[in-house]
Structure formats: C-alpha cells, structure tokens
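> Coordinates for the following, if possible.
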Amino acid sequence: MRARQTAEIVAKVLKFPGDVESLDELENGASTSSLLKVLKPLSSPTTSCWWSYASLSEHLAALIGAESAQAFPLGKASVACMELEQWRIGTGQLRWLMRQKRLQEIADR
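Next comes the predicted model:
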C-alpha cells in the first residue's frame, strides 16, 4: 500500500503519463530474472522508475551491472530511475536516486 502511494506521488510530480503498477516480482526474494520475464511483455525497455520495495537495491544493482547492492542503501520510500535499452541484466544505466527525505521535500511543495 505504501509503495503504491509513494509511486503515485512520484508519478504525479514527474507528470508520468503511464499507469502505476505493482508487481510481485519486486518483492523480497524474487530474482531479477523473474522480474524481467514479467516486464518484457508489458512494455519496451526505455526509462523506468521503481520505488520503495525492499528488493529494489538488488534489482537495481543487477540491472546496471553493479558488483553489489550495498552500493545502493535504499530505504523505505526510495525511488530509482534507470534507462534500459533492452530487458537484460547488466544493460541498464542509473539516471538518479531519491530517498525518502528528498521525496518528502518534493511532496511538500
């Protein structure tokens, strides 16, 4: 519920034209490979924003080819934006990260 609320705030601020969706594959324990299998038929890999799930750091690290998810200590209400040219592990480029404090500042405007 909270992840969806965060996503809706971010989508509104960014004027995101698409739908906000929740995927079980973003939850703890799901592999990045299983996430990619779900994403492939949904859309083309362009710029994606993902938020607030506990496994976000692990998926982000895998998609951009980082050695460790510890490089991305994201907590609750965090958002990551990456650009993907193809739905494949190690091919993404991180564009930006926002943590809860910064998101709250944006929401309070």
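
> which residues touch the closest residue to A61 other than its chain neighbours?
Spatial nearest neighbour of A61, excluding adjacent residues (C-beta to C-beta, 6 or more residues apart in numbering): A69 at 4.1 Å. Just so you know, the C-beta spots here come from the backbone N, C-alpha and C atoms, and that holds for glycine as well. Residues near A69 by C-beta atoms under 8 Å, 6 or more residues apart in numbering: 57-58, 60-62.

> Out of the residues you listed, name the ones that lie in helices.
Here DSSP state H is the test, and the contacts of A69 give 57-58, 60-62 as lying in helices.

> Which pair of the residues you listed spans the longest distance?
S57 and A62 (9.7 Å; C-beta to C-beta).

> how distant is the longest helix anywhere in the chain from the center of its chain?
If you go by DSSP H, the chain has its longest helix at helix 2-13. Centre-to-centre, helix 2-13 and its host chain are 12 Å apart (C-alpha atoms, centre = their mean, to the nearest Å).

> and if you look at stretch 94-108?
Distance, stretch centre to chain centre, for stretch 94-108: 13 Å (C-alpha atoms, centre = their mean).

> Pull up the distance across it, start to finish.
End-to-end distance for stretch 94-108, by C-alpha to C-alpha, to the nearest Å: 26 Å.

> who touches that stretch?
Taking contacts as C-beta under 8 Å, 6+ apart, the residues outside stretch 94-108 that touch it are 6, 9-10, 13, 47, 60, 64, 72, 74-83.
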